[in-house]
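A.B. asks: Whatever this is, show me its structure:
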Amino acid sequence: MEIETWVALGAAVATALSALFIGWQAWETRRSAESSNKAATASEAALEVANASLELNRRQAGQSAFMVAEATRARLETNAPAVSMEFVDGENCQPSAFIIGKQSDPESFESREPGHVFQLPQDAELWLYALFDVKFHNDGPLPVTIWSGSTIIPTYDGFPWDTTFRLDKGESLVRFLAVGTSLVGWTESRDDKAKPRGEAGWLTELSGDSGVRLTQAIHIDGTLLGNGQREGDFSLRGLGPDANWPSHLVKDQAKRTYWLGGQEIPALAPDDVFGAAGLGVMQ
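C.D. replies: Model (predicted):
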């Protein structure tokens with residue numbers, strides 16, 4: 001056989017061997033990829049099982065905490081206060097008076113009539129309050145102590161602030177409720193609803209370190225001030241509708257908070273416990 005024939009035959013054999021080697025490599029690569037895919041699928045399945053197990057444990061723990069908190073609230077409700085505050089002249093009442101003074105000096109407050117003109121910045125330290133006749137009533141089973149930084153004893157001799165008072169079972173008590181803010185706050189609330197506005201509030205004190213506390217907020221939306229004759233002048237307009245500076249009184253619904261051992265029990269809604277996502281395995 002001639003040399004050329006042997007060379008051609010060798011080349012053919014080498015080509016065939018090369019093709020076989022390439023095919024074997026491709027088969028090994030595919031088998032390795034399939035193994036990797038199977039391993040990845042198994043890992044994903046294990047991850048899903050772990051996440052499901054964690055979620056189940058989290059929900060079971062949340063359910064237990066929710067049920068314990070609800071049972072504690074129910075127990076505390078047996079001696080919960082039942083105090084109400086009502087405006088003597090109704091929800092759409094007008095202020096009985098307006099007072100002005102320095103917040104740091106309770107004895108400095110004096111009455112002012114609508115039409116009185118304030119000058120800023122000279123009067124920037126003064127606070128302006130609208131006084132409303134309100135009645136507190138205790139309809140609960142036990143005496144209740146009420147704290148408020150907004151109540152004044154109705155007298156004809158000044159405006160004595162009465163921050164703490166007691167109501168026996170079935171007792172009612174009339175007070176002035178002072179709803180207000182600084183003069184600067186009243187001017188800012190004219191143009192920006194997010195700025196400070198006239199506010200007041202009250203709460204029931206706990207008899208120990210456990211119990212139910214009632215809180216209620218009252219505020220005036222808008223402003224009590226209108227424009228004066230000169231720049232920096234603001235006139236005491238009062239409460240009610242107005243083409244430019246309307247205002248109205250708002251009484252929020254009383255809120256209940258629950259306390260155990262001096263700590264407030266967090267308010268948990270069922271969705272917060274059972275429907276929240278998260279707390280799974282980090283991927």
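A.B. asks: so residue 70, which of the three states?
C.D. replies: Secondary structure state of residue 70, per DSSP: H, G, I helix; E, B strand; the rest coil, is helix.
A.B. asks: give me the number of residues near it?
C.D. replies: Using other C-beta atoms under 10 Å, residue 70 has 13 other residues around it. In short, each C-beta sits where N, CA and C put it, glycine included.
A.B. asks: Model confidence for residue 183, exactly?
C.D. replies: Residue 183 carries a pLDDT value of 92.
A.B. asks: The helix or strand containing residue 129 packs against which elements?
C.D. replies: If you go by DSSP states H and E, residue 129 is part of strand 126-138. Applying 3 or more C-beta pairs under 8 Å, 6 or more residues apart in numbering; DSSP states H and E, we find strand 126-138 packed against strand 83-87, strand 97-102, strand 164-167, strand 172-182, helix 183-188, strand 198-204.
A.B. asks: Of these, which is nearest residue 225?
C.D. replies: When the helices and strands packed on strand 126-138 are compared by C-beta to C-beta, helix 183-188 sits nearest residue 225, at 4.9 Å.
A.B. asks: In the closest one, which residues are buried?
C.D. replies: Under the neighbour-count criterion of 16 or more other C-beta atoms under 10 Å, helix 183-188 has 183-188 buried.
A.B. asks: And for stretch 208-219?
C.D. replies: 210-214, 216-219.
A.B. asks: ok, now stretch 117-130?
C.D. replies: Applying 16+ other C-beta under 10 Å to stretch 117-130 flags 118, 120, 123, 126-130 as buried.
A.B. asks: Greatest separation within these: which pair is it?
C.D. replies: Across the buried residues of stretch 117-130, no pair lies farther apart than 120 and 130, at 19.0 Å, counting by C-beta to C-beta.
A.B. asks: Give me the number of neighbouring residues for residue 138.
C.D. replies: Counted with other C-beta under 10 Å, residue 138 comes out at 22.
A.B. asks: does it have beta-bridge partners, and which?
C.D. replies: residue 83 (DSSP bridges).
A.B. asks: That one contacts residue 82, doesn't it?
C.D. replies: Yes - between residue 138 and residue 82 there is a contact under C-beta atoms under 8 Å: 7.1 Å.
A.B. asks: how about the buried residues of stretch 117-130 in JSON lines, adding distance to residue 261?
C.D. replies: Formatted as JSON lines, these follow (distance: C-beta to C-beta, whole Å):
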{"residue": "118", "distance to residue 261": "48"}
{"residue": "120", "distance to residue 261": "48"}
{"residue": "123", "distance to residue 261": "47"}
{"residue": "126", "distance to residue 261": "43"}
{"residue": "127", "distance to residue 261": "37"}
{"residue": "128", "distance to residue 261": "41"}
{"residue": "129", "distance to residue 261": "37"}
{"residue": "130", "distance to residue 261": "40"}
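A.B. asks: about what we covered before: worst mean pLDDT among the helices and strands packed on strand 126-138?
C.D. replies: Per-stretch mean pLDDT for the helices and strands packed on strand 126-138 is lowest at helix 183-188 (a mean of 89).
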